[in-house]
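# just to be clear, the model below is a prediction. Sequence and coordinates:
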Amino acid sequence: MITYMTFERMYLYTAEKEYGISESTLTDAQKNEIHAEADEARKNAAAAFYTSAAAMLGDDAQEKDIEKLCSEVLEAVLRKCGLNGDIYRKWETIKYIEELTLAKAVGDAVITDADVDMAYGQFLAAAQNAALNDPAGYDSNSMYMSVYIPEGSRRADIILLKNADDAVCGEVADKLAGGGNTADIAKEYGAQVQTGVTILRESSAYPEKLRETLYALKAVGDVSGAVRTDNGTYIVRYAGEAVISDEDTQKLRADLREQLESRKEDTVQSRMYSEWAEKYKYTIDYDLLKLDRS
């Protein structure tokens, strides 16, 4: 609540000083719109007491009597809080001024490289945290690999065979080791194939035996023997170290910029809050608020 009230004051100050928007500049039509919104908000707040009021008045109660009691209860609650019924108009007025100010700020704003840098940094931190603490979450977000791959992670070409005997597995392994095209092998043997996939040591998307086998291979191009699992039999080729290319980075930054453009209102408001936190110095009177400073 303190944070909300603080930014509310900053919003109103900025609205008047930088955009010339205040309660005195509102038109009669705007004020009528605010009053209608306030009346609806107050009505909805009073409706929270409807069930209790209806039960108190009994089955024969008239609708207007139930609504009257609801209104009286709301007024009592507001008085206990040191407020009156006009507070809804005040709240809606502040909300309206904030919306006008934000709309003007958004209309004047452009997404900057600094905004993209901030979004990139936040996404990088999320990917690093997921890779370390939530491998399943990392695997489920395909974009994470375009911003962060744990050092030492590997790429692999994978052939998955169903009901394959040792002879077939040997043939597939030999062709893969000889540089065979995975798509051609898959077609010939009716197998499933994945090419150049990144597999973390702790990846939840692949069987543990497959991961152990991949990371046991010594050199790029090495091919495993048959890795039998409940899913079928895998043949895996060590395709190289998993790295993020400049192309991956540029594409991600372009995607982030596009997302920020589509969420410009949230981006601009976040930027405004950050600027205000630096620009406006304030203190909190805990005694006035009757709050424990700790």
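Cool, got the structure.

# what ranges do the strands span in this protein?
Taking DSSP state E as the criterion, the chain contains strands spanning 154-161, 192-199, 227-229, 232-241.

# so which of the ones you listed comes closest to E75?
Nearest to E75, of all the strands of the chain, is strand 192-199, at 62.9 Å by C-beta to C-beta. (Each C-beta comes from the backbone N, C-alpha and C, glycine too.)

# any idea of the angle the closest one forms with strand 232-241?
Per axes from the mean of the first three to the mean of the last three C-alpha atoms, to 10 degrees, the angle that strand 192-199 makes with strand 232-241 is 40 degrees.

# for strand 192-199, buried residues please.
By neighbour count, with 16 or more other C-beta atoms under 10 Å as the criterion, the buried positions of strand 192-199 are 193-194, 197-199.

# of those residues, closest to T27?
T198 (58.2 Å).

# would you turn the strands of the chain into JSON lines with mean pLDDT?
Shown next, in JSON lines, are these (pLDDT from 0 to 100):
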{"stretch": "strand 154-161", "mean pLDDT": "94"}
{"stretch": "strand 192-199", "mean pLDDT": "92"}
{"stretch": "strand 227-229", "mean pLDDT": "92"}
{"stretch": "strand 232-241", "mean pLDDT": "94"}
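
# which stretch among those comes nearest A254?
Among those, the nearest to A254 by C-beta to C-beta is strand 192-199 (20.9 Å).

# gap between the closest one and the chain center?
Chain-centre distance of strand 192-199: 28 Å, with C-alpha atoms, centre = their mean, to the nearest Å.

# what's that strand packed up against?
If contacts are counted by 3 or more C-beta pairs under 8 Å, 6 or more residues apart in numbering; DSSP states H and E, strand 192-199 sits against strand 154-161, helix 182-189, helix 208-216.

# for the closest residue to N84 other than its chain neighbours, give me its contacts.
Closest residue to N84 apart from its sequence neighbours, by C-beta to C-beta, 6 or more residues apart in numbering: L78 at 6.0 Å. Contacts for L78 were tallied using C-beta atoms under 8 Å, 6 or more residues apart in numbering; they are 84-85, 87.

# could the residues you listed be laid out in JSON lines, adding pLDDT, distance to T25 and neighbour count?
JSON lines is the format used below for the contacts of L78 (pLDDT from 0 to 100; distance: C-beta to C-beta, whole Å; neighbours: other C-beta atoms under 10 Å):
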{"residue": "N84", "pLDDT": "84", "distance to T25": "25", "neighbour count": "11"}
{"residue": "G85", "pLDDT": "75", "distance to T25": "25", "neighbour count": "14"}
{"residue": "I87", "pLDDT": "94", "distance to T25": "22", "neighbour count": "15"}
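
# in this protein, which residue sits furthest out from the middle?
D60 (50.1 Å; C-alpha atoms, centre = their mean).

# distance check, it against E37.
From D60 across to E37, the span is 34 Å (C-beta to C-beta, to the nearest Å).

# which one of the contacts of L78 is nearest to N231?
I87 (62.4 Å).

# so who does that closest one touch?
L78.

# one more: A205?
139, 199.

# recalculate using a threshold of 10 Å.
Listed by C-beta atoms under 10 Å, 6 or more residues apart in numbering, the contact set of A205 reads 135-136, 138-140, 197-199, 211.

# and of those, the nearest to Y50?
Nearest to Y50 among the contacts of A205, counting by C-beta to C-beta, is S140 at 43.5 Å.

# is it true that the closest one touches S204?
Yes - S140 lies in contact with S204 (C-beta atoms under 10 Å); the separation is 8.7 Å.

# quickly list what's touching both of those two.
What both S140 and S204 touch, as defined by C-beta under 10 Å, 6+ apart, is the set D134.

# how about E23: what's its closest non-neighbour residue?
With sequence-adjacent residues excluded and distances taken as C-beta to C-beta, 6+ apart, E23 is closest to T93, at 5.8 Å.

# neighbouring contacts of stretch 254-267?
In contact with stretch 254-267 (C-beta under 10 Å, 6+ apart) are residues 102-103, 105-107, 109-113, 115-120, 122-123, 143, 146-147, 268, 270.

# which among those residues end up buried?
102, 105, 109, 111, 115-116, 118-120, 123, 146-147, 268.

# Y50: which of those residues is nearest?
Checking the buried ones among the contacts of stretch 254-267 one by one against Y50 (C-beta to C-beta), the nearest turns out to be L102, at 33.8 Å.
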